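Need coordinates for the below:
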Amino acid sequence: MKKILCVATMLMTLALVLTGCASGGGKKDAGPVSVHPRSYTFDVIDGGADVLNLVFNSYGPNYQVTPFFSSLVKKDKPQAGDTVTFKMKAVSDVDLPLLLAYPCSTSPSWTPLDDGNNDTRVMAKDVKAGEEFECEISWVLTTKMGADFALCMQYDNVDQEVKTGGPCKLTLTRVCESTDTTKEVPAAPHNPNVTVALDKYAAFLEIATNHPWVNGAQDMSVISNYENVSEITPAFKDDLPIVGDTVTVTWTAVANNDVDVIYGRLIDNSAAANWWKELCPDFNDKLEENYVVARDIKAGEPFHVEITFPIQEAPIAQVSLCMWYNVGSAPDAPTIFKKAAIDDIAQ
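Residues are numbered from 1 along each chain as shown. From the prediction side, this is the model:
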């Protein structure tokens with residue numbers, strides 16, 4: 001969550017504000033895809049919900065909601081110089097003197113993709129409670145998107161003179177068809193069984209002390225277990241796994257401690273997934289059956305393991321491997337692992 005005055009760079013464009021999206025005919029953007037600069041148009045209703053709740057954001061401070069459009073651009077991601085237009089038809093349950101918006105990426109860090117100018121962030125003005133209104137807003141991007149693509153909508157910012165003074169619910173109605181890049185280009189054959197060499201993405205990792213979260217803060221007086229989360233999203237080349245796929249992880253490493261047993265599972269810990277989504281939610285029930293990464297690791301002795309995870313919930317924007325061991329599994333926890341050549345492992 002960031003304040004609306006975040007500094008970024010982008011210019012407002014009016015020419016493409018007038019470029020409507022097709023109203024139900026399935027029409028694609030003109031011109032070849034993957035040739036930039038290009039234009040994208042999105043109906044806000046395609047950000048994941050037909051009701052948006054703008055709730056208090058203490059980082060602003062303001063009221064904010066962030067719908068995501070990542071799945072619509074996964075085959076041709078917006079870049080600097082591209083034009084993005086967002087359209088919305090809605091009814092608000094409160095008066096909104098001023099509704100601001102800007103395009104952003106929330107992962108790997110919160111990054112506005114516009115120029116940070118509040119004059120170009122005005123999405124709607126003088127909205128009356130219970131009265132349907134329609135609006136649109138456009139920008140030319142100067143920063144390419146990160147791991148996800150979103151629209152941050154805000155009001156009652158610290159520098160805004162007229163305040164609404166409370167949360168807001170926007171009930172949306174479709175106004176146009178969104179750009180969907182997955183329909184514009186022939187889909188590459190989906191690989192349902194991807195193998196990932198962990199040491200390619202984590203040549204050095206530490207399974208470190210993990211404390212429990214209580215009321216939004218970690219209780220440092222208690223140790224839950226020892227844990228590491230390593231992102232492996234690049235291994236999928238924008239073709240994230242879907243339900244029914246498998247992901248096989250290989251790992252060749254050497255540890256500085258003896259470790260009795262290491263467990264692992266796949267998660268999506270992106271902002272789009274609200275920082276934690278289990279991709280293998282049955283891990284508790286089938287821990288010993290399906291989620292043992294390695295057993296009886298000896299300090300200084302290279303080891304090689306291979307484990308296959310079933311994808312039971314699809315990721316939204318990211319795939320990471322969460323590995324952990326319980327208190328007592330290692331004599332001198334936490335433990336550091338380094339990449340080891342497979343030739344170093346005794347046969």
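
When you work out contacts or count neighbours from here on, use the C-alpha atoms and nothing else.
OK.

buried residues in stretch 272-281?
By 16 or more other Cα atoms under 10 Å, the buried positions in stretch 272-281 come out as 272, 277-281.

Now tell me what touches it from outside.
For stretch 272-281, contacts defined as Cα atoms under 8 Å, 6 or more residues apart in numbering pick out 68, 106, 148, 265-270, 309-317.

try 6 Å
With contact meaning Cα atoms under 6 Å, 6 or more residues apart in numbering, stretch 272-281 is reached by 266-269, 311-313.

If you rank the residues you listed by neighbours, which is first?
residue 266 (28 neighbours; other Cα atoms under 10 Å).

Just give the nearest non-adjacent residue to that residue, would you?
Once flanking residues are discounted, residue 266 sits nearest to residue 321: 4.7 Å by Cα to Cα, 6 or more residues apart in numbering.

Would you mark the buried spots in whichever helix or strand the one you found is part of?
Using DSSP states H and E, residue 321 sits within strand 320-325. The neighbour-count check on strand 320-325 (16+ other Cα under 10 Å) flags 320-325 as buried.

repeat for stretch 157-164
Neighbour-count burial for stretch 157-164 [16+ other Cα under 10 Å]: 157, 163-164.

chain center to that stretch, what's the gap?
In terms of Cα atoms, centre = their mean, to the nearest Å, the centre of stretch 157-164 is found 29 Å from the chain centre.

Which segments of this protein make up each domain?
Listed by automatic domain parsing, the domain ranges of the chain are 10-183, 193-344.

on that earlier part again, tell me the one among the buried residues of stretch 157-164 nearest to residue 201.
Minimum distance to residue 201 across the buried residues of stretch 157-164 is 39.7 Å, recorded for residue 157 (Cα to Cα).

can you tell me which residues contact that closest one?
Counted by Cα under 6 Å, 6+ apart, residue 157 has contacts residue 62.

which stretch in the domains of the chain is the model least sure about?
Ranked by mean pLDDT, the domains of the chain bottom out at domain 10-183, which scores a mean of 85.

Quick check: closest non-adjacent residue to residue 206.
Residue nearest to residue 206 in three dimensions, not counting chain neighbours: residue 336, with 4.4 Å by Cα to Cα, 6+ apart.

For that neighbour, pull up the helix or strand it's in.
Residue 336 belongs to strand 335-339 when elements are defined using DSSP H and E.

which helices and strands does that strand pack with?
In terms of contacts (3 or more Cα pairs under 6 Å, 6 or more residues apart in numbering; DSSP states H and E), strand 335-339 is packed against strand 204-210, strand 246-255.

Single out the most deeply packed of those.
Stretch with highest mean neighbour count among those: strand 246-255 (a mean of 20; mean count of other Cα atoms under 10 Å).

The residue nearest to residue 206 contacts residue 208, correct?
No - with contact defined as Cα atoms under 6 Å, residue 336 does not reach residue 208; the gap is 8.3 Å.

what does the strand holding residue 336 rub up against?
With Cα under 6 Å, 6+ apart, strand 335-339 has contacts from 199, 203-207, 253-257.

picking up where we left off before, next, the angle strand 335-339 makes with the strand holding residue 321.
When axes from the mean of the first three to the mean of the last three Cα atoms, to 10 degrees is applied, the directions of strand 320-325 and strand 335-339 differ by 130 degrees.

Could you tell me how far strand 320-325 lies from the centre of the chain?
Offset of strand 320-325 from its chain centre (Cα atoms, centre = their mean): 19 Å.

One more: stretch 241-249?
18 Å.

for stretch 264-284, same thing?
12 Å.
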